[in-house]
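no sequence for this one, just the structure:
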């Protein structure tokens with residue numbers, strides 16, 4: 001059968017259909033290939049069977065037992081029903097209760113035997129099981145081949161637990177995956193070349209896909225995982241190596257870069273050694289005759305803008321122009337102000353281009369750019385406008401890599417003839433990881449802070465200390481300082497969140513099984529505990545700080561409204577700014593000396609660090625207060641924030657704790673979503689995959705040989721949805 005059959009829609013799988021297809025689409029599943037590649041997030045071991053007289057309270061096990069009596073349905077009150085009955089084996093009796101699942105009354109037949117899986121409660125003398133998974137004894141998979149049945153077993157097996165979305169159950173997902181595997185068993189492509197599979201002692205694709213979803217043992221699961229992790233990392237590093245090779249082949253403007261000593265002498269302060277190193281690395285690229293694609297990585301406040309200023313100065317000395325693109329209008333204005341102060345005394349003409357400028361102002365700026373009357377133009381996405389033309393564009397700088405995709409960088413680069421590219425990011429990423437992720441970029445790291453940047457004192461408190469925190473806000477405002485208060489969301493959750501796990505499973509029937517941990521996301525931490533930024537702002541402005549100026553900014557506001565509020569805060573018209581993470585990348589407010597972060601345990605460490613970087617930018621002692629939801633939750637994680645201000649150390653911990661998928665969030669980093677590999681914990685396999693990729697590319701750099709056709713196709717597929725230029 002043609003392997004491209006895998007790219008057909010899931011709609012026609014048994015049990016899916018049009019309505020359920022839309023639910024699968026929410027999980028990013030549209031094709032059979034997507035479905036079989038939708039790997040479980042966890043597994044439940046339902047292989048342990050016990051007799052009733054040997055049950056232990058608190059354990060989750062399977063029990064084979066007969067329904068001793070007809071189940072009785074009771075309506076306790078409106079909205080709450082119970083189904084109860086006793087199940088027995090030759091050693092004792094087990095009381096079974098189902099809440100709000102009245103259909104169980106007719107599903108369980110007196111005198112027939114079932115396998116029940118759930119958590120044991122009650123006492124040793126009177127064991128109980130609530131809302132168990134169950135199926136008829138002997139009614140699961142057929143004997144012999146584990147893939148002979150129409151649906152996976154619900155009990156007596158290792159059961160996959162998938163990420164879910166509202167109204168999609170574990171049973172629906174596992175049954176669909178099972179059907180897809182059955183239907184496509186012979187079309188699962190072996191992406192890895194045969195010699196790589198043999199040399200690295202890997203299993204074949206068919207075995208790997210069946211056993212990652214429905215393993216017969218944990219040993220089978222380990223074998224499948226290793227194969228799929230290796231494959232994913234092998235495809236990633238092969239693609240990245242190809243990108244790097246292509247980058248090295250590109251011809252760029254060969255600029256005669258001047259000595260930077262004149263630039264350094266004109267500065268009001270001395271640059272750090274890290275800044276000088278980054279400037280020299282970029283200057284070396286720009287004078288090499290090859291195209292520069294360089295990432296400047298530096299923590300918040302490390303002085304990346306100075307690097308861009310130095311290079312813009314050098315470009316001007318060659319008679320060429322620089323374009324500097326920022327993610328927001330207010331940030332573009334701030335950069336324009338900073339760069340004007342630095343560069344105009346050195347003879348550079350700095351311009352600004354934003355969407356809110358008048359038509360006349362834009363036309364005038366277009367004209368000046370076109371005729372070389374602007375040396376450095378700072379702007380937003382407006383720089384991508386059709387009317388923007390340059391006289392001689394030689395350098396493109398983009399601020400905040402994760403706010404711009406590679407395609408946007410490329411659009412700006414097309415305004416000139418192969419201009420050099422400099423990308424600045426304040427998101428610290430461990431260097432070994434960054435080298436793999438940023439396949440199209442060389443990397444400079446500014447790992448030294450300019451003198452005079454004070455450390456921010458960080459404290460962790462619970463709800464009981466809230467009043468003290470509010471008093472501290474009032475104290476600092478009384479001293480003339482300003483305050484950020486950060487909330488994690490705009491409005492209260494209103495349901496419809498992805499489930500955390502559990503639910504109906506396999507071929508059997510169940511209610512909401514407590515053993516599997518069924519819950520909607522957020523129920524573990526309590527949706528009502530999450531501050532709604534709108535309601536919270538109202539409370540703070542009217543009840544807590546009625547005598548202070550309290551403003552609100554969040555991501556759902558119009559851009560002009562956001563910029564207006566941020567501008568008022570920047571000039572001191574606002575005492576307290578209540579905000580979501582929209583301020584993560586924002587304007588400098590040197591007078592802001594305190595940040596309160598509500599529900600801090602709901603943020604990743606790297607995001608907390610980015611937020612904290614909004615303060616401590618002036619001469620005043622600065623403080624960050626992390627308010628956690630529960631006293632027991634995330635103590636160790638939040639204490640990392642208290643113990644260090646080093647963004648790279650925090651990034652290492654964040655990656656270890658959360659994995660790269662959550663850490664990066666957006667595909668615009670150039671990193672495809674990892675389905676199973678973890679770039680931190682799977683480092684040994686990563687190194688093995690790197691060596692294998694080098695071997696393959698050494699003998700076939702274009703992957704043109706027949707044995708590499710599937711690998712080449714998989715690379716294209718892997719990067720199709722990510723934002724990478726010239727994907728191999």
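All right, it came through fine. Quick caveat, the model's predicted, so the values are computed rather than measured.

how near is residue 125 to residue 347?
Distance, residue 125 to residue 347, by C-beta to C-beta, to the nearest Å: 91 Å. Heads up, the C-betas are built off the backbone N, CA and C, glycines and all.

kindly report the same for residue 621.
According to C-beta to C-beta, residue 621 stands 38 Å off from residue 347.

which one of those two has more residues nearby?
residue 621 (14 against 10; other C-beta atoms under 10 Å).

contact partners for the more buried one?
454, 457, 593 (C-beta atoms under 8 Å, 6 or more residues apart in numbering).

now swap in residue 308 and tell me
Residue 308 neighbours (C-beta under 8 Å, 6+ apart): 296, 322, 324, 339, 397, 422, 424.

quick check, distance from the one helix or strand residue 696 maps to to the centre of its chain.
Residue 696 belongs to helix 683-699 when assigned by DSSP states H and E. The chain centre lies 26 Å from the centre of helix 683-699; the measure is C-alpha atoms, centre = their mean, to the nearest Å.

what of stretch 302-313?
With C-alpha atoms, centre = their mean as the basis, stretch 302-313 stands 29 Å off its chain's centre.

got it, and stretch 242-252?
The mean C-alpha position of stretch 242-252 is separated from the chain mean by 28 Å, C-alpha atoms, centre = their mean.

pLDDT of that stretch, averaged?
The pLDDT scores in stretch 242-252 average 73.

now swap in stretch 92-102 and tell me
For stretch 92-102, mean pLDDT rounds to 94.

counting by contacts, list what the helix ranked longest in the chain packs against.
Scanning the chain for the longest helix, with DSSP state H as the assignment, gives helix 218-249. On a contact count with 3 or more C-beta pairs under 8 Å, 6 or more residues apart in numbering; DSSP states H and E, helix 218-249 meets helix 205-213, helix 431-437, helix 683-699, helix 709-720.

need the least confident one among those helices, by mean pLDDT.
Looking at these, the weakest mean confidence is helix 431-437, a mean of 62.

next secondary structure after it?
strand 442-446.

of the helices and strands packed on helix 218-249, which is nearest residue 604?
helix 431-437 (15.4 Å; C-beta to C-beta).

run the angle between the helix holding residue 696 and helix 218-249 for me.
50 degrees (axes from the mean of the first three to the mean of the last three C-alpha atoms, to 10 degrees).

same for helix 683-699, what does it pack against?
helix 194-199, helix 218-249.

buried residues in it?
Buried residues in helix 683-699, counting neighbours by 16 or more other C-beta atoms under 10 Å, are found at 685, 686, 688, 689, 690, 692, 693, 696, 697.

just those residues now: which is nearest residue 549?
For the buried residues of helix 683-699, the minimum distance to residue 549 (C-beta to C-beta) is 51.2 Å, reached by residue 686.

need the contact list for that closest one.
Taking C-beta under 8 Å, 6+ apart, one finds 233, 237, 436, 677, 679 in contact with residue 686.

burial count for the second one?
Yep, that's residue 237 we're talking about. If you count neighbours by other C-beta under 10 Å, residue 237 ends up with 21.

and it, how far from residue 202?
Counting by C-beta to C-beta, the gap from residue 237 to residue 202 is 16 Å.

same check on the first one?
Remark: distance between residue 233 and residue 202 (C-beta to C-beta) = 12 Å.

higher neighbour count, those two?
More crowded of residue 233 and residue 202, by other C-beta under 10 Å: residue 233, with 26 against 21.

straight-line length of stretch 319-333, end to end?
Using C-alpha to C-alpha, to the nearest Å, one end of stretch 319-333 lies 25 Å from the other.

in three-state terms, label residue 467 for me.
What DSSP: H, G, I helix; E, B strand; the rest coil gives for residue 467 is helix.

quickly note the distance from it to residue 473.
11 Å.

the more surrounded of these two?
When residue 467 and residue 473 are compared for neighbours, residue 473 comes out ahead with 22 against 10, by other C-beta under 10 Å.

pLDDT score for the more buried one?
For residue 473, the pLDDT comes out at 97.

do residue 508 as well
34.

now the two most distant members of the contacts of residue 308.
Every pair of the contacts of residue 308 checked by C-beta to C-beta; the farthest is 296 and 339, at 15.1 Å.
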